[in-house]
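> sharing a model prediction with you, sequence too.
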Amino acid sequence: MPFLNEEGKQYHINCKEGDVGRYVLLPGDPFRTDVIASMFDDAKLVAHNRECKTWTGTLNGEKVSVTSTGMGSPSTAIVVEELIRCGADTFIRVGTSGRVCPASQDMSLNGVINTAAVRDEGTTISYVPLAYPAVADRHVVDALARAAKKLGYNFAEGITHSKDAFYAEIEPDNMSNSDYVKSRWQAWERSNVMCSEMEAAAIFIVSSIRNCRASAVMAYKKVNLQAAMETAIEGLRILIEEDKKLGR
């Protein structure tokens, strides 16, 4: 049985089928939904419940939405599940991230288009064993890469690290388990992990097992966030036209 509120809407995002498009952008911060929605045509606020704020508008004549997930994989998995139940099937996370491996330290990079995620969080193990990979959809990755190139932005493609404990990364020596934290971080550095954030693994896992599509475009620092948002919007335009042409 679906878990609905008193109005018959999805319990956490307060939306129902028809409220959102099949294409949804996913920032963490509710305030960032306002900025992204301003890039849509005819955007209207659909719902704002807890950390979940949703706008719906159009791009290239197709209904599109933006919904905030809040911070971390638990709330993000909830949001993606409920959006899927409202009819969404294509997701792009948009946000900021930290640099990890040596290649990511290239200061000319605006950020990373994610091809996969390290499942270093506690949510997705409830969905599927850790041996199952958190991978992005190749069509969404390609659309974002083409969008970045068209706009003149420098986004690498690569793996993200999705974690639960923000301050374990920032202040590892302040953790009781510091040796464990630092040894794992060194493994990500040596394994060409390009960035670290808190939500992508949940988006990729839920999307994969629900037969949906997802990727993420992550900015290095807030200064590059506008570039990530514009890349996501242009990526959606490319996907919409490709989906129409190919009947996807």
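Looks like it arrived, so ask away.
> where exactly do the helices run in this structure?
With helices called from DSSP state H, the chain shows them at 30-37, 73-85, 138-151, 166-170, 178-190, 200-209, 225-246.
> which residue packs closest to Arg93, ignoring adjacent ones?
Ala216 (3.6 Å; CB to CB, 6 or more residues apart in numbering). For the C-beta atoms, the positions are set from N, CA and C on the backbone; glycine is no exception.
> give the contact list for the one you found.
Ile92, Arg93, Val94, Gly95, Ile113, Asn114, Ala136, Thr160, Glu197, Glu199, Ala200, Ile203 (CB atoms under 8 Å, 6 or more residues apart in numbering).
> which other helices and strands does the lowest-mean-pLDDT helix or strand in the chain contact?
Within the chain, confidence by mean pLDDT, DSSP states H and E is lowest for helix 166-170 among all helices and strands, at a mean of 92. Packing partners of helix 166-170 (3 or more CB pairs under 8 Å, 6 or more residues apart in numbering; DSSP states H and E): helix 178-190.
> what sits up against the helix it packs on?
Val100, Cys101, Pro102, Val118, Asp120, His161, Ala165, Ala168, Glu169, Pro172, Met175, Ser196.
> quick one: distance of it to the chain centre.
Computed by CA atoms, centre = their mean, to the nearest Å, the chain-centroid distance of helix 178-190 equals 24 Å.
> for stretch 219-238, same thing?
On CA atoms, centre = their mean, the centre of stretch 219-238 falls 12 Å from the chain's centre.
> kindly report the same for stretch 51-70.
That offset, for stretch 51-70, works out to 13 Å (CA atoms, centre = their mean).
> related to what we said a few turns ago, give the buried residues for the least confident helix or strand of the chain.
If you call a residue buried by 16 or more other CB atoms under 10 Å, then helix 166-170 has these buried ones: Ala168, Glu169.
> CA atoms only: put that helix into CSV for me.
Extracted C-alpha coordinates of helix 166-170, given in CSV (Å, rounded to 0.1, in the frame of the first residue of the first chain):
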residue,chain,number,x,y,z
PHE,A,166,30.6,15.3,6.7
TYR,A,167,32.9,16.1,9.5
ALA,A,168,34.8,12.8,9.3
GLU,A,169,36.1,14.1,6.0
ILE,A,170,36.7,17.6,7.1
